[in-house]
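1. Predicted model and sequence follow; I will ask about them next.
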Amino acid sequence: MTTRLAFIPVHILLLSTLISFQYSLIKNPMLSSQSVLRRKLPRLFGNGFRLPALLSFLALTFLIPFNTIAQGNLLVTPRRVVFDGSKRTITLNLANIGNDSATYSISLVQIRMTKEGAFETITEPDPGQKFANKNLRYFPRSVTLPPNEAQVVKVQLIKASQLSPGEYRSHFYFRSVPKVNPLGEEKAEADTSAISVRLTPVFGITIPVIIRLGKSNTKVSLSDLALNITEDNIPTFSLQFNRTGNFSVYGDLTVDHISPQGLTTRVGMANGIAVYTPNTIRHFSFNLYNSDGIDFGSGKLKVSFSSANDTKKEIFDEAELILQK
């Protein structure tokens, strides 16, 4: 059985807390930053949290914004989990950034990525695909978060010695649990003879959890570069990722326009692009910045696909597209 998922990850920062923190220091410069944090953070995360843990969470939230994922009112960081080397435990941070209490169930699901990058849930692995769920333990399985409070989820790798070399992947699914009014509190229908339909939106977030064993021989190349100018004068860039090897790839894409005079201008950027095993290709397209002074009919586009690790950047592949009118 295959089911198409419609999760739309959106990067969200908890800027209100940071702005409030900065404003307090400006308003009263005699206050120390720690005293402001001790007064404001309990209102955000609750009195049960210690300041060092809160500071760690805020560091993850503000200093690494591209490693967070949010949908509805739930924010999750990091947005992907990878067990490699000697790593055996990882902590996930969940935060309710809404105005109401919310309950979320946590489960592991199996997902296939199509050539177009869409997600489909599956119950049996595709040829060459391995699931990770049997080698993972996590707690808790559900959380209830008051407004502006956070919770950690512990993830542990188990029975790794029983696995053969390769990559194993499943996905954590964080699903909001709709509130159910107690019996007797439902509002009476005005017209009992009419048929009524009540739609309750259910938000969900999925993040990959990957186990890697062995040495990587993965390579990726870029091909089929093309630029199309729409009727609205919007430049749309498309290309194909070609993956070979035993592991999936994940990285950031940049597109630079180089004029005939040699002037380089960044015209496009897409972060967090993945090509999961066992897929060998992925088609991808996105709109470029249509900045003044950029002539997409001359010069060339230089495309670079690199790792998402800012501390140790690795360029996977680069390619160029010669532009013509």
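-> The structure has been received and is ready for your questions.
2. Could you break the protein into its assigned domains?
-> Recorded structural domains for the chain (assignment: automatic domain parsing) are 3-181+201-213, 219-322.
3. so how far does the last one reach from one end to the other?
-> Using C-alpha to C-alpha, to the nearest Å, the end-to-end distance of domain 219-322 comes out at 24 Å.
4. what about it, distance to the chain center?
-> Computed by C-alpha atoms, centre = their mean, to the nearest Å, the chain-centroid distance of domain 219-322 equals 19 Å.
5. That one - what's its average pLDDT?
-> Domain 219-322 carries an average pLDDT of 94.
6. follow-up on the earlier one: is it possible to export the domains of the chain to TSV including mean neighbour count?
-> Every C-beta, even on glycine, is put in place using the N, C-alpha and C of the backbone. What follows is the domains of the chain, written out as TSV (neighbours: other C-beta atoms under 10 Å):
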stretch	mean neighbour count
domain 3-181+201-213	15
domain 219-322	15
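7. quick one: secondary structure of residue 161?
-> Three-state call for residue 161 (DSSP: H, G, I helix; E, B strand; the rest coil): helix.
8. any idea how far it lies from residue 135?
-> The gap separating residue 161 from residue 135 is 10 Å, by C-beta to C-beta, to the nearest Å.
9. Residue 73 too?
-> Taken as C-beta to C-beta, the span from residue 73 to residue 135 is 31 Å.
10. Residue 264 now?
-> 46 Å.
11. all strands of the stretch 101-250 of the chain, in order?
-> Ranges of strands in the stretch 101-250 of the chain, per DSSP state E, counting those that start in this stretch, are 102-113, 119-122, 136-139, 142-145, 150-157, 166-177, 204-213, 219-229, 235-244, 249-258.
12. following the last one, which helix or strand shows up next?
-> Sequence-wise, the next helix or strand beyond strand 249-258 is strand 264-275, with elements assigned using DSSP states H and E.
13. Give me the angle between that next one and strand 204-213.
-> 80 degrees (axes from the mean of the first three to the mean of the last three C-alpha atoms, to 10 degrees).
14. Quick check: which helices or strands does strand 264-275 pack against?
-> Judged by 3 or more C-beta pairs under 8 Å, 6 or more residues apart in numbering; DSSP states H and E, the packing partners of strand 264-275 are strand 235-244, strand 249-258, strand 281-287, strand 300-307.
15. Listing partners with orientation, what would you give for the first one?
-> Read it as strand 235-244. Here strand 235-244 has these sheet partners by DSSP bridges: strand 219-229 (antiparallel), strand 281-287 (antiparallel).
16. quick one: contacts of the first one?
-> Surrounding strand 219-229, the residues in contact under the criterion C-beta atoms under 8 Å, 6 or more residues apart in numbering are 235-245, 249, 275, 288, 296, 301, 303, 305, 316-321, 323.
17. how close does the residue lying closest to residue 271 once chain neighbours are set aside get to residue 283?
-> Residue nearest to residue 271 in three dimensions, not counting chain neighbours: residue 252, with 4.6 Å by C-beta to C-beta, 6 or more residues apart in numbering. Residue 252 sits 18 Å away from residue 283, taking C-beta to C-beta as the criterion.
18. just residue 167 next, same as before
-> Residue 167 sits 22 Å away from residue 283, going by C-beta to C-beta.
19. Does residue 156 touch residue 92 like I think?
-> No - if you go by C-beta atoms under 8 Å, residue 156 and residue 92 don't touch, sitting 11.7 Å apart.
20. what stretches of the stretch 101-250 of the chain score poorly on pLDDT?
-> Across the stretch 101-250 of the chain, residues meeting the criterion (pLDDT under 70) sit at 180-202.
21. Recalculate using a threshold of 80.
-> Counting by pLDDT under 80, the stretch 101-250 of the chain has low-confidence residues at 179-203.
22. show me the contacts for residue 110.
-> Counting by C-beta under 8 Å, 6+ apart, residue 110 makes contact with 121-123, 125, 131, 133, 170-171.
23. Dig out what it forms beta bridges with.
-> Counting by DSSP bridges, the residues bridging with residue 110 are residue 122.
24. Okay, it and residue 103: tell me how far apart.
-> 24 Å.
25. same thing with residue 74?
-> Distance from residue 74 to residue 103, by C-beta to C-beta: 10 Å.
26. what do you get for residue 140?
-> According to C-beta to C-beta, residue 140 stands 11 Å off from residue 103.
27. ok, now residue 288?
-> 41 Å.
28. for residue 127, same thing?
-> For residue 127 relative to residue 103 (C-beta to C-beta), the value is 38 Å.
29. do residue 210 as well
-> Using C-beta to C-beta, we find residue 210 at a distance of 27 Å from residue 103.
30. same thing with residue 80?
-> Residue 80 sits 24 Å away from residue 103, going by C-beta to C-beta.
31. What distance do you get for the nearest residue to residue 87 once chain neighbours are set aside to residue 121?
-> Among residues not flanking residue 87 along the chain, residue 157 sits closest, at 7.3 Å (C-beta to C-beta, 6+ apart). Using C-beta to C-beta, residue 157 is found at 23 Å from residue 121.
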